[in-house]
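*Asks:* the following comprises the amino acid sequence and a computationally predicted model.
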Amino acid sequence: MTHSTIRRAPARILSTIGLATGLALTVTACSTGTPSADDATASARPHGYVEGASEAQEPQVRLLAVSATGETALHDLLTEESTELDGVDAPEHSATDGRFLVTSDGDRTTIVDGGSWTVDHGDHTHYYAADPRVVGTIDRGGPVEVHSSETMTTLTWPDRGEAVVLDREALGQGEVDETARVDATVLLPVGEQLVAAQGDTVRVLDADGDPADTASADGQTCTDPAGGIVTRAGAVVGCTDGAVVVDDAGATSFVELPDDAERPTAFAARSGRPTVAGLAGDTGFWLLDVREGSWRHVPTERPLRAVVAVDDEDEHVVGVDADGRVVVVTASDGTVATTEPLVEVDGDTAPLLQLDAQRAYLADPASGTVHEIDFADDARVARTVDLPVAPLAFAEVGL
């Protein structure tokens, strides 16, 4: 899952990224056996059934946007139709996990369901669509992060050192059901466990927020934790001198940065991928291969203000530079492609960048235009999309 904080440090981006932002989402596990009949209806539910959702043959990709005054709209990239949703509080910060867009002001946080998501079970994939809606609010404000597993969604307010765990199934049905509260600056769901940054320590907790049986009593040291992401190879928490990685079994390891390196404070990647990207100050970006446990620094000619790892065969990395150009770096061979300036970049505002396996989307808050970039074709602008609202918060959902 990638994330964005509006009018804050440019290292914080709207992920996916997620940004980023997160694991593939579902409200029911797949059954590998023969579907059983429902006792009440005597009818068999199909494999992958999700109550209230329809299953499709391809990703149901949508763009979700909230304006500076809280107007909310959804644009379907397949049908090219737009839908206006209920308004929300004027956003100051936002984050997404690939289905939900979370916005906040100084007092409370609002959750909007984009109504489309993907479930990747390794040997097969499910694509779902449901009605989009504003789910509800939580009485906590400030910069916010969101991450989801199949059963849990976590919301974290790093500046407050507070986090909550929500029932993921209930959230998908339009209910905000808080199941645990945790004092943490980073909280990531991994299967049925939680990875929490508490003070200068990363700990593994159970779903209730208590120490897990698989975790050591002392946890893993992590000085000044900032930035978290869930990948296919484990959960990542950024630290001053590296990153803590926690695998699905709760085992922790530390990936150390080179001496005197400028650390990333946020990570972003295509949903679920094992390699993630983070800004390295004004020098370029870092790639962290979570599976291999290694860092790679990639310099760029111009400072970047957002960066997301595609983690495809060619190792594409998509960024936005300080002049508003989309920059595509092919890390496998070092080639670089750029667009013309597409948006104005404010030093205190992170560019609204999202991506999936084929395209990147850069939203322009001034005009309401979204530029769709074919990053594998020399950063070609494939099309432009006019949203019904000018986005101050933005997410690509259906991932």
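*Replies:* All right, it came through fine. Numbering: from 1, shown residues only.
*Asks:* from here on, just use CA atoms for contacts and neighbour counts.
*Replies:* OK.
*Asks:* how many residues are close by the spatially closest residue to V343 that is not a sequence neighbour?
*Replies:* Nearest non-adjacent residue to V343, counting by CA to CA, 6 or more residues apart in numbering: G324, 4.8 Å away. G324 has 21 neighbours, counted by other CA atoms under 10 Å.
*Asks:* again, but for V336
*Replies:* 17.
*Asks:* kindly report the same for the one 4 residues further on.
*Replies:* By other CA under 10 Å, 12 other residues sit near E340.
*Asks:* okay, now the unreliable bits of the stretch 1-150 of the chain?
*Replies:* 1-49 (pLDDT under 70).
*Asks:* can you give me the strands for it?
*Replies:* 3-4, 54-56, 62-66, 72-76, 82-85, 93-96, 100-104, 109-113, 116-120, 125-129, 133-138, 145-148 (DSSP state E, counting those that start in this stretch).
*Asks:* per-residue pLDDT, the closest residue to H297 other than its chain neighbours?
*Replies:* In space, and not counting its chain neighbours, H297 is closest to W286: 4.6 Å by CA to CA, 6+ apart. Looking at W286, its pLDDT reads 98.
*Asks:* could you do T265 as well?
*Replies:* 97.
*Asks:* again with the one 10 residues further on
*Replies:* Listed pLDDT for T275 reads 98.
*Asks:* and the nearest residue to D139 once chain neighbours are set aside, its phi and psi?
*Replies:* Using CA to CA, 6+ apart and skipping residues adjacent in sequence, the residue nearest D139 is R108, 4.4 Å away. The phi/psi pair for R108 (degrees, to the nearest 10) reads phi -150, psi 170.
*Asks:* out of the strands of the stretch 1-150 of the chain, indicate the one that is most buried.
*Replies:* For the strands of the stretch 1-150 of the chain, ranked by mean neighbour count under the definition mean count of other CA atoms under 10 Å, the leader is strand 3-4 at a mean of 38.
*Asks:* which strand or helix spans A170?
*Replies:* A170 is part of helix 168-172, with elements assigned from DSSP states H and E.
*Asks:* tell me the buried residues in that helix?
*Replies:* Using 16 or more other CA atoms under 10 Å as the test for burial, helix 168-172 gives 168-169, 171-172.
*Asks:* tell me the first helix or strand C-terminal of the helix or strand in which V237 is found.
*Replies:* For V237, the host element (DSSP H and E) is strand 234-239. Counting by DSSP H and E, the next helix or strand C-terminal to strand 234-239 is strand 242-246.
*Asks:* specify the angle between that next one and strand 234-239 in degrees.
*Replies:* 150 degrees (axes from the mean of the first three to the mean of the last three CA atoms, to 10 degrees).
*Asks:* and strand 242-246, C-alpha only, in PDB?
*Replies:* This file holds the C-alpha atoms of strand 242-246, laid out as PDB (Å, rounded to 0.1, in the frame of the first residue of the first chain):
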ATOM      1  CA  GLY A 242      17.800   0.500   7.700                       C
ATOM      2  CA  ALA A 243      14.600  -1.400   7.900                       C
ATOM      3  CA  VAL A 244      13.000  -4.200  10.000                       C
ATOM      4  CA  VAL A 245      11.500  -7.000   7.900                       C
ATOM      5  CA  VAL A 246       8.900  -9.400   9.500                       C
END
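*Asks:* quick revisit: P299 versus the residue nearest to V343, what's the distance?
*Replies:* Using CA to CA, to the nearest Å, G324 is found at 18 Å from P299.
*Asks:* quick revisit: which of the buried residues of helix 168-172 lies closest to A196?
*Replies:* Relative to A196, the closest of those is R168; by CA to CA it sits at 18.1 Å.
*Asks:* any idea how far that closest one is from S149?
*Replies:* Distance from R168 to S149, counting by CA to CA: 8 Å.
*Asks:* give me the neighbour count for the nearest residue to V186 once chain neighbours are set aside.
*Replies:* The spatial neighbour of V186 that comes closest, neighbours along the chain excluded (CA to CA, 6+ apart), is A197 at 5.0 Å. Using other CA under 10 Å, the number of residues around A197 comes to 33.
*Asks:* list the contacts for V370?
*Replies:* By CA atoms under 8 Å, 6 or more residues apart in numbering, the residues touching V370 are 361-364, 384-387.
*Asks:* which of those residues fall in helices?
*Replies:* Here DSSP state H is the test, and these give no hits in helices at all.
*Asks:* can I get those in a markdown table including pLDDT?
*Replies:* Formatted as a markdown table, these follow (pLDDT from 0 to 100):
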| residue | pLDDT |
| --- | --- |
| Y361 | 98 |
| L362 | 98 |
| A363 | 98 |
| D364 | 97 |
| T384 | 97 |
| V385 | 97 |
| D386 | 96 |
| L387 | 96 |
